[in-house]
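Peer 1: return atomic coordinates for the entry below.
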Amino acid sequence: MVNGSNGTVGIALEKAFDSGFSNATQSFSLLAKSKVSYNNFHHGYHDFNKPSLGENYQRYNSTSRILITTEVFGDVTGKSYLYLSEKDYELLTRSIPDRVSNLKEEFAKEVDNILSAAVITKLSNQLNKKMFGDVPVLVGKITSRLEDTIYDDFAEQASGVYVNSIFFSFESHSDVTPLFVWVFDKSLTDLPKENTVI
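Peer 2: Numbering: from 1, shown residues only. Prediction:
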């Protein structure tokens with residue numbers, strides 16, 4: 001199992017994701033016009049034989065949320081999942097008139113595009129892997145568990161995945177906490193020592 005504290009690969013992954021999330025947080029602060037920080041939520045290898053990712057995710061699994069995803073391709077295969085509550089979504093799109101709901105959706109996708117690109121850039125540089133993000137997809141409101149969504153996306157190609165999650169915190173809106181989850185197949189953890197930047 002790879003976790004963020006054991007071994008060269010774990011340290012490299014932890015530092016790479018921290019760099020990426022810091023980059024995304026700076027972009028988010030500009031977009032939201034509010035000071036935004038991030039909190040490490042969970043990271044490690046998830047075996048699909050286990051029933052859940054852990055208790056941390058229960059509060060996000062208990063209510064419906066708006067999901068936006070971005071496929072990652074290149075040297076590794078992965079996907080990012082941005083989960084927004086109704087309140088999160090309203091905060092992000094509050095400057096757009098209600099009568100143009102399609103524009104709200106496009107803006108939300110652009111937010112995800114900017115955040116994902118910020119993370120991918122840092123991951124690619126830190127891990128010396130070619131990584132690219134596809135066009136974001138607004139899945140819409142979902143009620144399924146995060147574990148089930150990940151299983152549906154990855155189970156045919158892998159027996160498990162590496163997961164790294166954070167939630168964003170807004171200084172001016174303490175009840176707004178979008179969840180940002182990154183999932184990769186095992187190729188991300190197969191990092192030769194000489195290919196990692198620590």
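
Peer 1: what sits closest to Ser29 if chain neighbours are left out?
Peer 2: Computed as CB to CB, 6 or more residues apart in numbering, the closest residue to Ser29 that is not its neighbour in sequence is Val36, at 4.4 Å. C-beta coordinates here come from the backbone N, C-alpha and C atoms, glycine included.

Peer 1: quick one: least confident helix or strand in the protein?
Peer 2: Of all helical and strand segments in the chain, the minimum by mean pLDDT, DSSP states H and E falls on helix 58-61, at a mean of 75.

Peer 1: please identify the buried residues of stretch 119-135?
Peer 2: Applying a neighbour-count criterion of 16 or more other CB atoms under 10 Å, one finds Val119, Ile120, Thr121, Lys122, Leu123, Ser124, Gln126, Leu127, Lys129, Met131, Gly133 buried in stretch 119-135.

Peer 1: could you identify the most distant pair in the residues you listed?
Peer 2: Considering CB to CB, no two members of those lie farther apart than Gln126 and Gly133, which are separated by 15.9 Å.

Peer 1: tell me the pLDDT of Phe3.
Peer 2: That one is not Phe; residue 3 is Asn. Confidence per residue is given as pLDDT, and for Asn3 that number is 41.

Peer 1: next, give phi and psi for the residue located most distally from the centre of the chain.
Peer 2: Among residues of the chain, the one most distant from the C-alpha centroid is Arg99; the distance is 29.6 Å, by CA atoms, centre = their mean. With angles defined as degrees, to the nearest 10, Arg99 sits at phi -70, psi -10.

Peer 1: neighbours of the closest residue to Ser64 other than its chain neighbours, how many?
Peer 2: In space, and not counting its chain neighbours, Ser64 is closest to Thr143: 4.6 Å by CB to CB, 6+ apart. Residues lying near Thr143 (other CB atoms under 10 Å) number 9.

Peer 1: before we move on, what about Asp152?
Peer 2: With neighbours defined by other CB under 10 Å, the count for Asp152 comes to 10.

Peer 1: and it, what helix or strand is that in?
Peer 2: Following DSSP states H and E, the helix or strand that holds Asp152 is helix 146-154.
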